[in-house]
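In: please work out how this folds:
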Amino acid sequence: MPPVPEKSMGLWSLLLLVPFVALLWVPFYNSTDPVLFGFPFFYWYQFLWVPITSFLIYIVYLKIR
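Out: Below you'll find the predicted structure:
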């Protein structure tokens, strides 16, 4: 039986670093303005990354599957 080639995560896995880097430097988003629906920028910027990160994980999953 021939060996099954392993799938490499490749460059697609680097997409998973985007949310990490975006949230790593806190002074970048440590402010109250602009306010969105009553939420200061500090909070809604972090909440915005939840669906973005989920989408990026899904894309990486599809590409390395």
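
In: helix, strand or coil for the nearest residue to Phe41 once chain neighbours are set aside?
Out: Nearest residue to Phe41, sequence neighbours excluded (Cβ to Cβ, 6 or more residues apart in numbering): Ser31, at 5.2 Å. Bear in mind the C-beta positions are built from the backbone N, C-alpha and C, glycine included. Put simply, Ser31 is coil when judged by DSSP: H, G, I helix; E, B strand; the rest coil.

In: what's around Ser31, how many residues?
Out: Ser31 has 11 neighbouring residues, counting by other Cβ atoms under 10 Å.

In: cool, and Leu48?
Out: 14.

In: and the gap between it and Arg65?
Out: Distance check for Leu48 against Arg65: by Cβ to Cβ, to the nearest Å, it reads 27 Å.

In: list the contacts of the residue nearest to Phe41.
Out: 40-42 (Cβ atoms under 8 Å, 6 or more residues apart in numbering).

In: from the chain's centre, how far out does the longest helix anywhere in the chain sit?
Out: If you go by DSSP state H, the chain has its longest helix at helix 41-64. Distance of helix 41-64 from its chain centroid, counting by Cα atoms, centre = their mean, to the nearest Å, is 4 Å.

In: equivalent analysis for stretch 30-48, please.
Out: Averaging C-alpha positions (Cα atoms, centre = their mean) puts stretch 30-48 18 Å from its chain's average.

In: okay, how far is it across it, tip to tip?
Out: End-to-end distance for stretch 30-48, by Cα to Cα, to the nearest Å: 15 Å.

In: now do the buried residues in that stretch.
Out: By neighbour count on 16 or more other Cβ atoms under 10 Å, the buried set for stretch 30-48 is 41, 44-45.

In: pretty sure Pro34 is in contact with Tyr43, am I right?
Out: No: judged on Cβ atoms under 8 Å, Pro34 makes no contact with Tyr43 at a distance of 11.8 Å.

In: give me the low-pLDDT residue ranges for this structure?
Out: By pLDDT under 70, the low-scoring segments of the chain are 1-8.

In: other SSEs contacting the longest helix of the chain?
Out: helix 17-24 (3 or more Cβ pairs under 8 Å, 6 or more residues apart in numbering; DSSP states H and E).
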